[in-house]
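In: Below is the structure, and that's it, no one-letter string:
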């Protein structure tokens with residue numbers, strides 16, 4: 001006859017094996033999802049475009065951000081971290097990225113939104129490289145699952161240009 005300790009050990013081992021198997025299936029099922037998020041970003045106004053006393057360029061925008069990120073959510077999604085970055089190149093650096101805005105989206109119902117905001121973080125370039133500069137707005141997202149690995153991707157929105165002169 002088996003002792004109580006032996007039976008408890010067998011039950012605990014079986015339970016943990018089933019839990020690990022369920023976590024693995026949840027993680028694999030996320031790979032079957034094919035997200036198709038959409039987004040648009042409009043610059044409504046260039047509020048400020050100036051050269052700071054340190055010689056750096058600084059830009060302030062009013063932005064209209066509309067996005068539908070609902071396809072990123074599955075039953076295994078805990079939350080989605082999304083941020084908007086301005087990306088451009090200069091003679092010194094082939095890629096510059098400046099974060100302008102971010103948000104944590106906790107539920108699928110909040111993943112379809114439209115917001116008009118001033119850039120949350122300052123758009124500053126170390127140098128005088130922004131006048132007349134073409135740049136892309138890139139919407140990045142990180143999907144944080146309840147179990148499994150994090151998934152990150154982005155949507156590049158090209159075709160933006162800064163003014164030729166300071167304001």
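Out: That came through, no problem. As the structure is a prediction and not an experimental result, all values here were calculated from the model.

In: how about the helices in this protein?
Out: Along the chain, the stretches classed as helices by DSSP state H are 4-30.

In: Now do the strands in it.
Out: Applying DSSP state E to the chain gives strands spanning 38-51, 57-68, 77-88, 96-105, 112-118, 123-125, 134-145, 151-161.

In: buried ones in the fourth one?
Out: Pointing back at strand 96-105 there. Within strand 96-105, the residues scored as buried using 16 or more other CB atoms under 10 Å are 96, 98, 100-101, 103, 105. All C-beta atoms are positioned from the backbone trio N, CA, C, and that covers glycine.

In: Among those, which one lies nearest to residue 124?
Out: Using CB to CB, residue 98 is the member of the buried residues of strand 96-105 that lies nearest residue 124, at 7.3 Å.

In: Can you give me every residue that contacts the closest one?
Out: Contacts here follow CB atoms under 8 Å, 6 or more residues apart in numbering; on that basis residue 98 touches 85-87, 121, 123-125.

In: With residue 22 instead?
Out: Residue 22 sits next to no residue when contact means CB under 8 Å, 6+ apart.
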